[in-house]
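Participant: just coords:
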Ligand SMILES: CC(=O)SCCNC(=O)CCNC(=O)[C@H](O)C(C)(C)COP(=O)(O)OP(=O)(O)OC[C@H]1O[C@@H](n2cnc3c(N)ncnc32)[C@H](O)[C@@H]1OP(=O)(O)O
Ligand SMILES: O=C([O-])CC(=O)C(=O)O
């Protein structure tokens with residue numbers, strides 16, 4: 001029984017949600033490029049959960065359904081207020097809040113498909129509200145209730161900033177949410193599927209997925225990209241900094257990918273957004289620095305930028321706190337996790353691989369007094 005470290009190349013399930021073939025990403029067969037340019041995040045969620053695009057009335061109803069379910073239980077807000085706000089990372093707050101939301105959902109342990117779909121709407125709707133409420137509470141502001149007339153992306157920015165966002169900001173967040181929505185069997189999605197394949201509930205699945213996304217080798221990389229750019233400071237310092245990191249055998253955040261070899265098809269959209277938004281806000285040095293790093297890593301190491309690389313300068317140019325970057329990833333990716341959880345329940349079998357035992361064998365037990 002030979003092991004494959006990190007399960008590289010192992011096909012662990014069938015799925016008809018998203019695919020990566022020849023470095024191209026599709027959601028239910030629709031190119032990510034078309035969706036990023038033309039769609040809304042709500043339409044993409046509907047697509048992932050129903051495996052078809054909505055008709056106009058279905059989309060309108062779905063949008064309403066999401067907006068109607070964004071309000072948080074008072075207990076969750078009170079709980080957020082009780083944290084040590086200087087030390088708690090918003091991903092930890094989100095993980096705990098999602099678990100807590102399960103306590104206030106009467107259908108939490110209901111396993112019928114319709115109940116799971118209702119919970120999916122509630123979870124999708126409430127994640128942005130948790131992220132925004134946490135961000136506001138820690139800066140001493142009151143959480144802002146969602147508005148029923150705003151799109152998902154606009155509502156998130158409204159709840160975060162306490163005022164209506166500019167169109168260009170809404171467009172940027174809408175596109176970023178679309179680009180992060182699903183990605184085949186990435187680590188957090190696999191985590192969610194493993195969890196619910198025990199027939200555990202949907203809140204447990206999403207809570208565990210948030211834990212997996214938080215790590216720096218996965219979604220947590222976007223916050224670290226901005227930390228790196230900040231340390232570099234100016235574009236002319238970029239190459240020396242990167243060479244030093246590589247000489248110390250440190251990884252460059254936002255670079256490389258387990259599946260993509262030529263490049264991540266989402267990065268070009270984020271690169272374009274970064275160029276546009278950083279120029280518009282007079283912060284083009286973040287874009288210039290990022291391009292230098294990307295080119296160097298591609299030429300010298302054969303490692304292309306991944307989705308986390310340019311999302312950092314995009315969110316920074318929108319004035320978003322750096323530790324909210326990964327929570328925003330979760331606000332998007334919860335749509336994919338939920339799609340995969342629904343698909344897993346539909347045709348479930350416990351996920352339980354084997355480990356190749358490499359430890360000592362045939363040991364003789366000696367009682368504690370004689371060791
Ligand atoms: C949304 C997402 O999750 S996208 C990924 C976000 N994560 C990051 O950006 C973190 C930085 N990147 C990485 O750590 C990796 O590229 C991963 C985790 C994304 C993929 O990793 P794996 O497929 O497991 O590749 P692995 O880590 O084994 O690396 C293979 C080789 O490339 C090198 N390498 C891979 N990524 C990087 C990097 N970002 N910087 C420097 N070297 C790298 C490794 O050091 C290793 O070199 P070696 O063979 O000489 O030891
Ligand atoms: O697929 C992966 O391994 C990581 C990734 O890019 C994602 O989750 O979007």
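Facilitator: Noted; the coordinates are in hand. Keep in mind it's a predicted model, so treat the numbers as computed, not measured. Ligands and ions are numbered 1, 2, ... in the order given.

Participant: Pretty sure residue 90 sits against residue 322.
Facilitator: No - with contacts counted by CB atoms under 8 Å, residue 90 stays clear of residue 322, the gap being 10.2 Å. C-beta: built from backbone N, CA, C; applies to glycine.

Participant: Between the two, tell me which one has more neighbours.
Facilitator: For residue 90 versus residue 322, the count of surrounding residues by other CB atoms under 10 Å is larger for residue 90: 24 against 17.

Participant: what about the closest residue to the more buried one other than its chain neighbours, neighbour count?
Facilitator: Beyond its immediate neighbours in the sequence, the residue positioned closest to residue 90 (CB to CB, 6 or more residues apart in numbering) is residue 327, lying 4.9 Å away. Per other CB under 10 Å, the neighbour tally for residue 327 reads 28.

Participant: buried ones in the one helix or strand residue 327 maps to?
Facilitator: Mapping residue 327 onto the secondary structure by DSSP states H and E places it in helix 325-346. By neighbour count, with 16 or more other CB atoms under 10 Å as the criterion, the buried positions of helix 325-346 are 325-345.

Participant: contacting residues around the residue nearest to residue 90?
Facilitator: Residue 327 makes contacts with 90-91, 94, 131, 134, as judged by CB atoms under 8 Å, 6 or more residues apart in numbering.

Participant: Do any residues in the helix holding residue 327 lie close to ligand 1?
Facilitator: No - no part of helix 325-346 sits close enough to ligand 1 to count as contact by CB under 6 Å from any ligand atom; the gap is at least 7.2 Å.

Participant: how deep is residue 297 tucked in, by neighbour count?
Facilitator: Around residue 297 there are 20 other residues, counting by other CB under 10 Å.

Participant: tell me the SS of the residue of the stretch 201-350 of the chain found nearest ligand 2?
Facilitator: Across the stretch 201-350 of the chain, the shortest distance to ligand 2 (CB to the nearest ligand atom) belongs to residue 258, at 4.8 Å. Per DSSP: H, G, I helix; E, B strand; the rest coil, the local secondary structure of residue 258 is coil.

Participant: Ligand 1 contacts on this structure?
Facilitator: Looking at ligand 1, the residues of the chain close enough under CB under 6 Å from any ligand atom are 6, 217-219, 221, 251-258, 303, 306-308.

Participant: out of these, which are buried?
Facilitator: Among the residues of the chain next to ligand 1, the ones that count as buried by 16+ other CB under 10 Å are 218-219, 221, 252-257, 303, 306-308.

Participant: what two of these have the greatest distance between them?
Facilitator: Using CB to CB, the pair of these lying farthest apart is 219 and 303, separated by 18.5 Å.

Participant: Help me confirm that residue 219 comes into contact with residue 332.
Facilitator: No - in this structure, residue 219 is not within contact of residue 332 by CB under 8 Å, at 9.8 Å.

Participant: can you give me the strands for the stretch 1-150 of the chain?
Facilitator: 18-21, 24-27, 30-31 (DSSP state E, counting those that start in this stretch).

Participant: And the helices in the stretch 201-350 of the chain?
Facilitator: Here the stretch 201-350 of the chain has its helices, by DSSP state H, counting those that start in this stretch, at 202-213, 221-232, 238-247, 267-280, 284-301, 307-317, 325-346.

Participant: Go ahead and name everything in contact with the second one.
Facilitator: Residues lying outside helix 221-232 but in contact with it, judged by CB under 8 Å, 6+ apart, are 216, 238, 241, 252-254, 286, 289-290, 306, 308-309, 311-313, 315-316, 322-323, 325-326, 329.

Participant: Can you give me the buried ones in it?
Facilitator: By neighbour count, with 16+ other CB under 10 Å as the criterion, the buried positions of helix 221-232 are 221-226, 228-229, 232.

Participant: now that helix: mean pLDDT?
Facilitator: Predicted confidence along helix 221-232 averages 98 (mean pLDDT).

Participant: and it, anywhere near ligand 2?
Facilitator: No - Helix 221-232 does not reach ligand 2 (CB under 6 Å from any ligand atom); its nearest approach is 9.3 Å.

Participant: can you check the fourth one too?
Facilitator: No - in this structure, helix 267-280 remains apart from ligand 2 according to CB under 6 Å from any ligand atom; the gap is never smaller than 10.0 Å.

Participant: Which neighbouring elements make contact with that helix?
Facilitator: helix 32-38, helix 167-180, helix 284-301, helix 307-317 (3 or more CB pairs under 8 Å, 6 or more residues apart in numbering; DSSP states H and E).

Participant: Let me know the angle separating it from helix 284-301.
Facilitator: An angle of 150 degrees separates the directions of helix 267-280 and helix 284-301 when computed by axes from the mean of the first three to the mean of the last three CA atoms, to 10 degrees.

Participant: closest point of this structure to ligand 1, which residue?
Facilitator: Nearest to ligand 1 in the chain, going by CB to the nearest ligand atom, is residue 256, at a distance of 2.4 Å.

Participant: Nearest spatial neighbour of that residue, chain-adjacent residues omitted?
Facilitator: residue 303 is the one closest to residue 256 (CB to CB, 6+ apart), at 4.5 Å.
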